[in-house]
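In: sequence and computational prediction follow.
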Amino acid sequence: LLPTLIIVGRPNVGKSALFNRLIRRREALVYNTPDDHVTRDIRQGLAKLGDLRFTVLDSAGLETEATSGSILHRTATLTANVLSKTQFALFLIDVRAGVHPLDLEVGKWLRKHAPGIKPIVAMNKCESLCDGSDAIAEAISEARTLGFGDPIAISAETGLGMTVLYETLRPLL
Ligand code: GDP
Ligand code: MG
């Protein structure tokens, strides 16, 4: 049985872009959480990252909650069906936006529904920042305010930071 990593984050941070990169051309299954009154699709795929193999989930359902502003509500089914089978979470934010109010909601949601999971914060879209610049240092200290430790810098679009992601996940998986 492979370990499971869920990608969480507010809309448009690049969750699906990262999911697609991790699964490449392998087809993703779509799960409809069965007893959910607001049916949500969770895409599941086999991720390959170097020699790591794990199940990856694209939590599109969280987007609905975040978009509706009711992220803390009506998540019982998602919690039971998905988070209970998930050992690891990657919490994506958009480095260009910094820490957005909805990122704080996602953080609250995780603390409430997955207290046993310490998410890895990943600042996505980092290809837009010059490496070694003040901007990245500022982004890192801002991302730390989410309370989940040091973030990693990635770009789902260009593949920047996939080695760092690998090195972060390898001791855990
Ligand atoms: P989701 O809503 O979190 O699943 O986000 P998507 O994967 O749909 O991406 C939202 C938008 O951000 C799309 O226009 C993507 O092309 C763009 N995007 C995703 N990853 C990156 C990245 O690493 N860099 C840049 N510049 N754009 C990205
Ligand atoms: Mg998406």
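Out: Yep, that arrived. In this text, all values refer to a predicted model and were calculated from it rather than measured experimentally. Ligands and ions are numbered 1, 2, ... in the order given.
In: from now on I want contacts and neighbour counts done on CA atoms only, so please keep to that.
Out: OK.
In: in the protein, which spans are strands?
Out: Listed in chain order, the strands of the chain (DSSP state E) span 4-8, 29-32, 41-49, 52-58, 88-94, 120-124, 152-153.
In: for these, which has the smallest mean pLDDT value?
Out: Of all these, mean pLDDT reaches its minimum on strand 29-32 (a mean of 59).
In: now the strands of the chain as a markdown table including distance to Glu167?
Out: As requested, those are arranged in a markdown table below (distance: least, CA to CA, whole Å):
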| stretch | distance to Glu167 |
| --- | --- |
| strand 4-8 | 15 |
| strand 29-32 | 27 |
| strand 41-49 | 10 |
| strand 52-58 | 10 |
| strand 88-94 | 14 |
| strand 120-124 | 12 |
| strand 152-153 | 11 |
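In: switch these over to JSON lines; also include distance to Lys15 and mean neighbour count.
Out: As requested, the strands of the chain are arranged in JSON lines below (distance: least, CA to CA, whole Å; neighbours: other CA atoms under 10 Å):
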{"stretch": "strand 4-8", "distance to Lys15": "6", "mean neighbour count": "25"}
{"stretch": "strand 29-32", "distance to Lys15": "15", "mean neighbour count": "14"}
{"stretch": "strand 41-49", "distance to Lys15": "11", "mean neighbour count": "20"}
{"stretch": "strand 52-58", "distance to Lys15": "7", "mean neighbour count": "21"}
{"stretch": "strand 88-94", "distance to Lys15": "7", "mean neighbour count": "24"}
{"stretch": "strand 120-124", "distance to Lys15": "9", "mean neighbour count": "25"}
{"stretch": "strand 152-153", "distance to Lys15": "14", "mean neighbour count": "22"}
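In: out of those strands, which comes closest to ligand 1?
Out: Of all the strands of the chain, it is strand 120-124 that lies closest to ligand 1, at 5.3 Å by CA to the nearest ligand atom.
In: what helices or strands is the closest one leaning on?
Out: strand 88-94, strand 152-153 (3 or more CA pairs under 8 Å, 6 or more residues apart in numbering; DSSP states H and E).
In: give me that answer again for 10 Å
Out: Here strand 120-124 touches strand 4-8, helix 15-23, strand 88-94, helix 134-144, strand 152-153, helix 162-169, going by 3 or more CA pairs under 10 Å, 6 or more residues apart in numbering; DSSP states H and E.
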